[in-house]
Every structure is written in structure tokens, then in C-alpha cells.
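Enquirer: the sequence isn't on hand, but the structure is:
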């Protein structure tokens, strides 16, 4: 079955960095666009970044543009999110998600369980 397993979250000070990973299995990773979505405490889901199946097209929300960088390793079926210059408002559970096509935007077909990122001094 399809599995998306996030890792790399944790507690970091403002201005710090983290690298999130999403290990996938059960589907042809290289054929699908992927995304990171986050949910801050008490708030709804917020789209963060997307990448197409080939990894040559990305898009980021204005709130993270220039600080977060999405990438993928199709040989190892893994999605990444590099988080730099972290702010307290970046505190959230970060979810990895797979689109139902090779491109974005579009419907999401599968979700991971999430990894907590907490930015605090």
C-alpha cells in the first residue's frame, strides 16, 4: 500500500534550519507531483510547497518563499523540504502529500502522518 513517512522535525531556535524528509513506498514516486502542507496549532491546513514529478518545477507559498526549498530524489523515492531562517510562526505539523498526477496543482491522493516542527527560543 501507499506509504509516506515524514521525519526530521524537532525543536529549533528562531533563525535555525531543519531538513524534513518524506520516504515513500507503494507507488511509482517518480510519476507523481508532491507537496508539503502544514497545520499550525488551532489553524487549518496551509499549502507550503509543490514540486512536479521530474523535479524541474517548484512553487512555494509567499510565507516561505526564499526560506524553504522543496526537492526530490526519484532514485530513492524521497521528498525533502529544507527549512531555513525559521520563525516562530513556522511552528506546525508538516505533512508530505502526493498529487494524483505528475503536475500541480490538483487533487491530493495520499498523505503522510506528519512531523512536528517547533520554533522557539
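Expert: Structure received. Predicted model, so just to flag it, every value in this text is computed and none were measured.

Enquirer: ramachandran angles for residue 84?
Expert: phi -120, psi 160 (degrees, to the nearest 10).

Enquirer: what's near enough to touch it?
Expert: 17, 67-69 (Cβ atoms under 8 Å, 6 or more residues apart in numbering). C-beta here means a position set from N, CA and C on the backbone, and glycine is covered the same way.

Enquirer: quick one, which of these are buried?
Expert: For the contacts of residue 84, a neighbour count by 16 or more other Cβ atoms under 10 Å gives the buried set as 68-69.

Enquirer: I'd like the contacts of residue 84 as JSON lines, with secondary structure and distance to residue 109 appended.
Expert: As requested, the contacts of residue 84 are arranged in JSON lines below (DSSP: H, G, I helix; E, B strand; the rest coil; distance: Cβ to Cβ, whole Å):
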{"residue": "17", "secondary structure": "coil", "distance to residue 109": "30"}
{"residue": "67", "secondary structure": "coil", "distance to residue 109": "28"}
{"residue": "68", "secondary structure": "strand", "distance to residue 109": "23"}
{"residue": "69", "secondary structure": "strand", "distance to residue 109": "24"}
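
Enquirer: nearest to residue 95 among the contacts of residue 84?
Expert: residue 68 (14.0 Å; Cβ to Cβ).

Enquirer: and the closest residue to the closest one other than its chain neighbours, what does it touch?
Expert: Distances taken as Cβ to Cβ, 6 or more residues apart in numbering put residue 83 closest to residue 68, at 5.4 Å, once the chain neighbours are dropped. If a contact means Cβ under 8 Å, 6+ apart, then residue 83 has 17-20, 64, 67-68, 90, 117 as its contacts.
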